[in-house]
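**Q** What follows is a predicted protein model with its sequence.
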Amino acid sequence: MATTLSNSAVHRTNPYEGHPSLSKLEAEVLWEYARLAQNLKELTAETRRLGEAPDETLLKRLRALEMKMGLVLTLFKASVWAVINEMPVADTSYVYPDQTADETVMQ
């Protein structure tokens, strides 16, 4: 969006100045409303332009961020895998002491 005011005639000169039916204050107020209306028109046009076409700079930055996040996810998964591999393996040869009292029917 442009940081400077447009060069439209409304911003340069007061079209209501010297009008016979208006006081100086009324002309100033109407001029301010005309400048505000022009600014709103420019803002609407700029937002419409931004909404229709993607911002290429923002897209490039988001792509770079996406790649970095993918790398972070990969490193996180590798770290979790390393922690899991460092855990001691459970001893499967352990015999439960009360196996004979088990009355569960095995199929």
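**A** Cool, the structure landed.

**Q** So what's the residue count around Thr47?
**A** Counted by other Cβ atoms under 10 Å, the residues lying close to Thr47 total 11. Quick note: C-beta positions are derived from backbone N, CA and C, even for glycine.

**Q** now Asp55
**A** Asp55 has 10 nearby residues by other Cβ under 10 Å.

**Q** now the one 10 residues further on
**A** Neighbour count for Leu65, taken as other Cβ under 10 Å: 10.

**Q** same question, Ser8
**A** Using other Cβ under 10 Å: Ser8 sits among 13 other residues.

**Q** How about it, nearest residue that isn't a chain neighbour?
**A** Distances taken as Cβ to Cβ, 6 or more residues apart in numbering put Gln38 closest to Ser8, at 5.6 Å, once the chain neighbours are dropped.

**Q** Tell me the buried residues in the host helix or strand of the one you found?
**A** Secondary structure assigned from DSSP states H and E places Gln38 in helix 24-52. Residues of helix 24-52 classed as buried: Ala27, Leu30, Trp31, Ala34, Arg35, Gln38 (neighbour count, 16 or more other Cβ atoms under 10 Å).

**Q** circling back to that earlier point, I'd like to know how far the residue nearest to Ser8 sits from Asn7.
**A** The spacing between Gln38 and Asn7, counted by Cβ to Cβ, to the nearest Å, is 11 Å.

**Q** again, but for Ser23
**A** Ser23 is 28 Å from Asn7, by Cβ to Cβ.

**Q** same deal with Gly51?
**A** Taking Cβ to Cβ, one finds Gly51 at 24 Å from Asn7.

**Q** cool, Lys24 as well?
**A** Taken as Cβ to Cβ, the span from Lys24 to Asn7 is 25 Å.
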